[in-house]
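>>> take a look and give me a structure for this.
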Amino acid sequence: MTKINNAFSLVEMSVVLIIIGILVASATAAGKMIANSKLRKVVQKFEQYNAATNSFYGVYGKLPGDLDIASKYWTSCVTVGSNPCDGDGDNVLDRGYEDLRFWHHLTLSKILPGNYPGSNASGDADENRAGENVPASIFQGGCYTARSVAEGFGKAYNAGILIGKEQSGSICKNAIFLAKEAEFIDFKLDNGIPNTGKIMSRHGYDMTSGECASSGAYNTTETEVKCYTAYVLEIN
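Predicted structure coming up:
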């Protein structure tokens, strides 16, 4: 009687291991492609908002949110709580209400699609709510804030777009990116250095100083989300 051997041969085992390796590599590559696709959408949004700002400036001669005669253009633009419709016209996106009116003016002008009311239900002039009074990010819990860029970046800029996660009662400045993700965006639009140029990143306000970047370099070995990112708007 012939004895049946049910064990795998070395050749069969090798084939199985090769197949497993291919599947793991494919899954890893697919995951990286999806992550990079999301980051490219952030890059595209920065470019879209910069183009929209320039279009608005070309028509009205002021930054959206800072336009001091907005109520004369749009009768529906009225003071809500502590948020006046008109900016102060100083070509700086001031914190407090011009950051919310930035998105409102852009959508009233039809330069940017959407409907952002320029205020919020809580009456807090500084509270940004993703998808309600500011645009939501493709990254869960993330949103875009428009304002002058100064805090923590060593130099003041008149206008910029920040992307981070919502911070209760404040702007979008909690950590949203891994350091290597923030670096990816930086290299796509700028010089890859976290504290210079038109793309800058630092630790989220829910993180500790230096966790995102230090000594002029991104901490790309960090495995947890630590960064939020700023894009300095360029008015041409």
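
>>> on the three-state scheme, residue 71 is what?
Classification of residue 71 using DSSP: H, G, I helix; E, B strand; the rest coil returns helix.

>>> and the most centrally placed residue in the chain, which of the three is it?
Residue closest to the average C-alpha location in the chain (CA atoms, centre = their mean): residue 163, at 2.6 Å. Here residue 163 is strand, with the state taken from three-state DSSP.

>>> that one is in contact with residue 176, isn't it?
Yes: contact criterion CB atoms under 8 Å: residue 163 and residue 176 qualify, at 6.3 Å. For the C-beta atoms, the positions are set from N, CA and C on the backbone; glycine is no exception.

>>> which neighbours do these two share?
Common contacts of residue 163 and residue 176, defined by CB atoms under 8 Å, 6 or more residues apart in numbering, comprise 137, 139, 142, 228-229.

>>> and the buried ones among those residues, selectable in PyMOL?
To isolate the buried ones among these in PyMOL, judged by 16 or more other CB atoms under 10 Å, type:
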select buried, resi 137+139+142+228+229
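
>>> flag every buried residue along stretch 190-198.
Within stretch 190-198, the residues scored as buried using 16+ other CB under 10 Å are 190, 192-195, 198.

>>> longest single helix anywhere in this structure?
helix 10-60 (DSSP state H).

>>> elements contacting that helix?
Contacts defined by 3 or more CB pairs under 8 Å, 6 or more residues apart in numbering; DSSP states H and E place helix 10-60 against helix 98-108, strand 142-149, strand 157-166, helix 179-189, strand 227-232.

>>> tell me what angle the fourth one forms with strand 227-232.
Counting by axes from the mean of the first three to the mean of the last three CA atoms, to 10 degrees, helix 179-189 points 20 degrees away from the direction of strand 227-232.

>>> strands paired with the following helix or strand past helix 179-189, and their directions?
Scanning forward in sequence from helix 179-189 by DSSP states H and E, the next helix or strand is strand 199-203. Sheet partners assigned to strand 199-203 using DSSP bridges are listed as strand 227-232 (antiparallel).
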